[in-house]
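[1] I'd like to go over a predicted model; first the sequence, then the structure.
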Amino acid sequence: MSWRDIVGHDQQAEYFRRNLQQGRLGSSFLFLGPAGIGKRKLALKLAQTLFCDQRNTTETDPCGICSSCIQTLANSHPDLHVIGIDRKQGKRSILKSQIVGGKKTAYADASGTSEIPAEGLVSDDPMDARASSSSEPTVGVFDLKSSVQTTHYPGLCYQLNLKPAQANRQIAIIDDADCMQDEAANALLKTLEEPPPGSVLILLASNPKKILPTIHSRCQTILFHPLDDLQVQQILLDTDAATNADQAWLMASLAGGSVEVALSRIDDEFVEVREKVCQLLPEFYQAPHELAVIVEAYVCSPKESAAQRERFQQMAEIVLSIFHLMLLKTIGSEGAGDPLAQTTMQAMLDSWVGDEETIIACVDRTIDAVTQLDANANIKTLIDAWIDDLAQTQITGGFMVPGC
């Protein structure tokens, strides 16, 4: 099983193949690029290569059939530690306790027992962890793979300092590393600066602005770029995520180069709402409330805030994709888009007041809306203000509009 199944990232794969062949692999890496484009897959491929039982030091491809290769892809290898945001528990960041360990206080509820993080956190020093465990009641440990946290658990730093259970090294993958709390990131610095012998740490992130400079400086940064639409389409077909080429192309054209985004576009409800939004956009400035009602009904349909945030992001991406096509058209270029997007773009240009700067103002306002959502703005108020501002921008040509 070679690195050739890493689609769209040939340069990044070749970089690691070359370093493996020369025996010059580093210990800390920051994979930086949009979500859902294959960063995690390449990280697992690197781990699989390093763990492979059949590979000798001159080979750069894992065999794909030994027990270590199979365990790595199944995320069950005892020396592979993958952590990220515990979204099942409603978390929105990686906690310090996931890095250095901590305690949990169990309580009973209608569904059984749950746990709440305690204020006290243990040190990332293995000796401190062992000492504290002797005086505190311990139900079990923190399972890094399943994020099941018990009364007392060690963190990632402790795990990396243990002797490997099966391989000759420990490997850690931190997903959503740009969502680490500052104190969690600071707790990781010592391990990044002085990693245990042979260990490899791979941080996956999509927003460079949220990575602390001290983390950046301790890692080799590997940049990843979005896939092209044809690559996304082919991945969807190869994995049977789409039933036919037309559906795969529609999903890919809305995905912005991300397979993760494309998979979220297969929902029939999304397709229906997108059609309604595109029908309203060319004349929405005359009655912005009608568009706001459609968007609000879709976004606020689920009760969970995380689902609402995801749906708002989907609506923002629809609008951004149309403005992107408009901007390309005004400068004499053609952008890729399905027939609905192209028709909507042309209809909006036919009634548009203003120039490229006006379109850019609308793009900026939409990006601001997404940022405001991340800052916990009231979602219904945000939708109304965002769409009303877009309408005012079109009416006035982008001048004297608050927020634009």
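    Nice, thanks for sending it over. Numbers count the residues shown, from 1 in each chain.
[2] Can you read off the pLDDT for the residue nearest to residue 226 when sequence neighbours are not counted?
    Leaving aside its chain neighbours, residue 226 sits nearest to residue 257 (2.4 Å; criterion: C-beta to C-beta, 6 or more residues apart in numbering). Every C-beta, even on glycine, is put in place using the N, C-alpha and C of the backbone. If you check residue 257, the pLDDT there is 87.
[3] For residue 41, see how far away residue 257 is.
    The gap separating residue 257 from residue 41 is 15 Å, by C-beta to C-beta, to the nearest Å.
[4] And for residue 171?
    In terms of C-beta to C-beta, residue 171 sits 15 Å off from residue 41.
[5] more crowded one of residue 257 and residue 41?
    Legend: neighbour count by other C-beta atoms under 10 Å for residue 257 and residue 41, higher for residue 257 (19 against 15).
[6] What is the longest helix along the chain packed up against?
    Identified as the longest helix of the chain according to DSSP state H is helix 305-330. For helix 305-330, the elements it packs on are helix 259-264, helix 268-280, helix 288-299, helix 339-350, helix 356-374, helix 379-396, judged by 3 or more C-beta pairs under 8 Å, 6 or more residues apart in numbering; DSSP states H and E.
[7] Tabulate the CA atom coordinates of the second one in PDB.
    In other words, helix 268-280. The C-alpha atoms that make up helix 268-280 are tabulated as PDB, following Å, rounded to 0.1, in the frame of the first residue of the first chain:
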ATOM      1  CA  ASP A 268     -31.600  16.400   0.400                       C
ATOM      2  CA  GLU A 269     -32.700  19.100   2.800                       C
ATOM      3  CA  PHE A 270     -29.600  21.100   2.000                       C
ATOM      4  CA  VAL A 271     -30.100  20.700  -1.700                       C
ATOM      5  CA  GLU A 272     -33.700  22.000  -1.500                       C
ATOM      6  CA  VAL A 273     -32.700  25.000   0.700                       C
ATOM      7  CA  ARG A 274     -29.900  25.900  -1.700                       C
ATOM      8  CA  GLU A 275     -32.300  26.000  -4.600                       C
ATOM      9  CA  LYS A 276     -34.600  28.300  -2.600                       C
ATOM     10  CA  VAL A 277     -31.700  30.600  -1.600                       C
ATOM     11  CA  CYS A 278     -30.400  30.800  -5.200                       C
ATOM     12  CA  GLN A 279     -33.900  31.600  -6.500                       C
ATOM     13  CA  LEU A 280     -34.200  34.500  -4.000                       C
END
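[8] list the buried ones in it?
    Of all the residues in helix 268-280, those buried under the rule 16 or more other C-beta atoms under 10 Å are 270, 273-274, 277-280.
[9] low pLDDT regions in the stretch 201-350 of the chain?
    Judged by pLDDT under 70, the stretch 201-350 of the chain has no weakly predicted residues.
[10] what's the neighbour count on the closest residue to residue 270 other than its chain neighbours?
    Excluding the flanking residues, the one nearest residue 270 by C-beta to C-beta, 6+ apart is residue 314, at 6.4 Å. Neighbour count of residue 314, defined by other C-beta under 10 Å: 21.
[11] Residue 90 now?
    Neighbours of residue 90 under the rule other C-beta under 10 Å: 10.
[12] Return the distance of it relative to residue 306.
    7 Å.
[13] And for residue 42?
    26 Å.
[14] So if I had to pick from those two, which one is more boxed in?
    For residue 42 versus residue 306, the count of surrounding residues by other C-beta under 10 Å is larger for residue 42: 21 against 12.
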